[in-house]
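*Asks:* only geometry, no sequence info:
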């Protein structure tokens, strides 16, 4: 199972790298001025994506913590209801 997962991920990494490289080659062949302009903007876009990703990870962690607390409260309430019903 682990080998299959690693094989799938490794294949996707190779596929993504090949698509990126071929995109750069086609871009430089068809319109090298636009390709250079996009390469100049790429670091700014990467920094923005990194900031966005870190913010989303923090907010997801906060939401998961809230959901886990509410699940605990719901489980306690259901347990209390079972006890009340069982003692009738």
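*Replies:* Thanks, I have it. All of these numbers come straight from a predicted model, not from anything done at the bench. Numbering: from 1, shown residues only.

*Asks:* just checking, what packs against the longest helix along the chain?
*Replies:* Ordering each helix of the chain by length in residues (DSSP state H) puts helix 32-87 first. Here helix 32-87 touches helix 2-30, going by 3 or more Cβ pairs under 8 Å, 6 or more residues apart in numbering; DSSP states H and E. (Glycine included, C-beta is placed from N, CA and C.)

*Asks:* so the helix it packs on versus helix 32-87, what angle?
*Replies:* Interaxial angle of helix 2-30 relative to helix 32-87 (axes from the mean of the first three to the mean of the last three Cα atoms, to 10 degrees): 150 degrees.

*Asks:* any idea of the mean pLDDT in helix 2-30?
*Replies:* Here helix 2-30 scores 85 as its mean pLDDT.

*Asks:* quick one on the thing from earlier: chain center to the longest helix of the chain, what's the gap?
*Replies:* 9 Å (Cα atoms, centre = their mean, to the nearest Å).

*Asks:* Also stretch 30-38?
*Replies:* 29 Å.

*Asks:* what comes up buried for that stretch?
*Replies:* The neighbour-count check on stretch 30-38 (16 or more other Cβ atoms under 10 Å) flags residue 35 as buried.

*Asks:* And the contacts of it?
*Replies:* Applying Cβ atoms under 8 Å, 6 or more residues apart in numbering, the external contacts of stretch 30-38 come out as 24, 27-28.

*Asks:* Pull out the buried residues from those residues.
*Replies:* The buried subset of these - by 16+ other Cβ under 10 Å - is empty.

*Asks:* Put together CSV for these, with distance to residue 85 on each row.
*Replies:* Formatted as CSV, the contacts of stretch 30-38 follow (distance: Cβ to Cβ, whole Å):
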residue, distance to residue 85
24, 66
27, 67
28, 72
